[in-house]
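**Q** only geometry, no sequence info:
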């Protein structure tokens, strides 16, 4: 594991209000536009997003804010 991998965290967010692939794309883009979010992958079928980020500079509240600002419900983190 390199230094960048060691300093990252992966979180699964449950999201409400997604109805189509466009919704998933909007959320994915909102998450990936947050500084220090490395990658986001939204799964429409499970209403979740897998987010890899730097926990030293991104909080779960930042992720919640990105989802809500995109117009969707942040249900929680698993």
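**A** Yes, it's here. Every value quoted in this text rests on a predicted model; they were computed, and no experiment measured them.

**Q** use CA for all of it now, contacts and neighbours both
**A** Noted.

**Q** Residue 15 is in contact with residue 44, correct?
**A** No - taking contacts as CA atoms under 8 Å, residue 44 lies outside contact range of residue 15: 9.2 Å.

**Q** Which of those two has more residues huddled nearby?
**A** Neighbours of residue 44 and residue 15, each counted by other CA atoms under 10 Å, are more numerous for residue 15; the result is 24 against 17.

**Q** ok, residue 56 to residue 35 distance?
**A** 12 Å (CA to CA, to the nearest Å).

**Q** To clarify, my last question referred to residue 48.
**A** Here the criterion is CA to CA. By it, residue 48 lies 20 Å from residue 35.

**Q** And those two? Which one has more around it.
**A** A side-by-side neighbour count of residue 48 and residue 35, using other CA under 10 Å, places residue 48 first with 23 against 12.

**Q** where exactly do the strands run in this protein?
**A** Assigned by DSSP state E, the chain shows strands spanning 9-16, 37-43, 48-53, 73-77.

**Q** Of those, which is nearest residue 25?
**A** Taking CA to CA as the criterion, strand 37-43 is the member of the strands of the chain that comes nearest to residue 25, at 7.4 Å.

**Q** any idea which helix or strand of the protein has the worst average confidence?
**A** Counting by mean pLDDT, DSSP states H and E, the chain has its least confident helix or strand at helix 3-6, which shows a mean of 54.

**Q** residues touching the residue lying closest to residue 21 once chain neighbours are set aside, list them.
**A** Nearest residue to residue 21, sequence neighbours excluded (CA to CA, 6 or more residues apart in numbering): residue 44, at 6.8 Å. For residue 44, the contacting residues are 18-21, 24, taking CA atoms under 8 Å, 6 or more residues apart in numbering as the criterion.

**Q** Residue 31: which of the strands of the chain is closest?
**A** When those are compared by CA to CA, strand 37-43 sits nearest residue 31, at 6.4 Å.
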